[in-house]
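Engineer: Provided below are the primary sequence and the corresponding predicted coordinates.
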Amino acid sequence: MTEQQQPGKLIPALVGGGVMAILSTVPIISLGNCLCCLWILAGGALAAYMYSRELPGDVSISGGDGAVTGLLAGIFGALFASILGYLFMSMGDAEILNRVFENVLRDRSDLSPEVDELMRSLREGERLSPLYMVAGLFFSLIINAVFGTLGGLIGASMFKKKRPANQPGSAQ
């Protein structure tokens, strides 16, 4: 679009990030992220799809627009997922996490003192320190930004509008 104003990327990115966060945070469903960050890719692709739907009928989404929309969705997704994760931990999800850590790391004598101390604090029901939350947000921002951008690129290529064969610039 040269002369016309482009539609905003904010709403598609917020929706894509919200879907990404919900699917990535809800127990059991979140296991989908074990498949190459499936929900993060899907959130980026959803954002690109929603953005492409806002474009005029004769304009197709570009890869750059898909990438930017997916990147924004990834950033919003990381922020939303951190908030949802904190809420789940506040509502008692820490007990589930405690059991998982206990079962996975049971009878491991080769653990470092730091990991052993973390396990002890989780067993005693202590809350995760803000440092762990900030570190989790930092790594989520990086991972979600990368895979959200990739999802936006995939979405842009999937939802690109096809040109009729008789239109100039189409492959013959």
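Structural biologist: Done, it's in.
Engineer: Tell me where the longest helix sits in the protein.
Structural biologist: Longest helix of the chain, by residue count under DSSP state H: helix 130-158.
Engineer: List the buried residues of it.
Structural biologist: In terms of neighbour count (16 or more other Cβ atoms under 10 Å), helix 130-158 has its buried residues at 136-137, 140-141, 143-156. Just so you know, the C-beta spots here come from the backbone N, C-alpha and C atoms, and that holds for glycine as well.
Engineer: How far away from the center of its chain is that helix?
Structural biologist: Computed by Cα atoms, centre = their mean, to the nearest Å, the chain-centroid distance of helix 130-158 equals 5 Å.
Engineer: which intervals of this protein have sub-threshold pLDDT?
Structural biologist: Within the chain, the segments meeting pLDDT under 70 span 1-4, 92-109, 111, 116, 118-129, 163-172.
Engineer: could you pull out the helices for it?
Structural biologist: Secondary structure of the chain (DSSP H): helices at 10-25, 38-54, 63-88, 94-105, 113-123, 130-158.
Engineer: hmm, who's touching stretch 44-63?
Structural biologist: If you take Cβ atoms under 8 Å, 6 or more residues apart in numbering as the criterion, stretch 44-63 is touched by 1, 4, 6-9, 11-13, 15-17, 19-20, 65-66, 69-74, 147-161, 163.
Engineer: at 7 Å what do you get?
Structural biologist: Residues outside stretch 44-63 that contact it (Cβ atoms under 7 Å, 6 or more residues apart in numbering): 1, 7, 9, 12-13, 15-16, 19, 65-66, 69-70, 73-74, 147-161.
Engineer: Next, the contact list for the residue nearest in space to the middle of the chain, please.
Structural biologist: Centroid-nearest residue in the chain, with Cα atoms, centre = their mean: residue 40, separated by 3.5 Å. Taking Cβ under 7 Å, 6+ apart, we find residue 40 in contact with 20, 24, 33, 74, 77, 144, 147, 148, 151.
Engineer: Format the residues you listed as CSV; extra columns: distance to residue 60.
Structural biologist: What follows is these, written out as CSV (distance: Cβ to Cβ, whole Å):
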residue, distance to residue 60
20, 24
24, 29
33, 30
74, 23
77, 25
144, 26
147, 23
148, 21
151, 18
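Engineer: So which of the residues you listed is the closest to residue 84?
Structural biologist: Distance to residue 84, by Cβ to Cβ, is smallest for residue 24 among the contacts of residue 40, at 8.5 Å.
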